[in-house]
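*Asks:* I would like to see how this sequence folds:
(one chain, ligands or ions: 1)
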Amino acid sequence: MMAMVTKHFIAILIISLISKGFCACSLDNININTIRSGREIQGKTEWNVTVINNCNCPQKLIKLTCKGFQTVENVDPSILSKVGDKCLLISGNQLTKSASVKFSYAWDSAYIFWPSESTIVGC
Ligand SMILES: *[C@@H]1O[C@H](CO)[C@@H](O)[C@H](O)[C@H]1NC(C)=O
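*Replies:* Residues are numbered from 1 along each chain as shown. So this is what the prediction gives:
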């Protein structure tokens with residue numbers, strides 16, 4: 001009896017892992033890299049930012065923490081738009097698997113962006 005219950009439990013566990021596992025993404029699957037571009041804009045250092053979706057599924061409504069973010073270089077609002085303490089990426093549109101978004105800004109020091117919110121699509 002106990003063995004049967006255990007078997008069922010394991011079967012259910014495996015099924016739920018198979019159906020979920022492939023798309024088990026979290027904010028950790030959004031990677032943000034910032035590098036010095038080598039240019040200066042209005043006396044400030046320019047930084048190139050790349051945001052990559054490392055999830056096996058598309059993600060949309062991606063928001064980054066943006067509190068205190070400043071730039072003298074104009075950032076296209078269709079790529080990054082500041083809404084309160086957060087920045088909405090590509091107007092909330094979906095970023096497909098392995099796709100990336102790039103933008104540049106200029107300020108005295110690099111700003112550390114963190115993924116704050118996203119919605120996994122199609123899982
Ligand atoms: C930074 O971004 C600019 C504009 O996209 C690009 O021309 C430049 O090559 C980039 N610099 C580096 C070091 O990746």
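*Asks:* which residues of this structure fall in helices?
*Replies:* Remark: helices assigned in the chain by DSSP state H are 2-21.
*Asks:* where along it do the strands fall?
*Replies:* 30-41, 44-53, 59-65, 80-83, 86-89, 100-107, 115-120 (DSSP state E).
*Asks:* can you redo the ones you listed as TSV with mean neighbour count?
*Replies:* From N, CA and C alone the C-beta is placed, and that goes for glycine too. TSV is the format used below for these (neighbours: other Cβ atoms under 10 Å):
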stretch	mean neighbour count
strand 30-41	14
strand 44-53	19
strand 59-65	20
strand 80-83	16
strand 86-89	21
strand 100-107	18
strand 115-120	17
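*Asks:* Put together a markdown table for the ones you listed, with mean pLDDT and distance to the ligand on each row.
*Replies:* Below are the strands of the chain laid out as a markdown table (pLDDT from 0 to 100; distance: least, Cβ to the nearest ligand atom, whole Å):
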| stretch | mean pLDDT | distance to the ligand |
| --- | --- | --- |
| strand 30-41 | 98 | 4 |
| strand 44-53 | 98 | 4 |
| strand 59-65 | 97 | 18 |
| strand 80-83 | 96 | 14 |
| strand 86-89 | 98 | 16 |
| strand 100-107 | 98 | 5 |
| strand 115-120 | 96 | 21 |
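*Asks:* Reformat those into TSV and put distance to Thr71 next to each item.
*Replies:* Output for these, formatted as TSV (distance: least, Cβ to Cβ, whole Å):
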stretch	distance to Thr71
strand 30-41	9
strand 44-53	8
strand 59-65	14
strand 80-83	9
strand 86-89	11
strand 100-107	4
strand 115-120	18
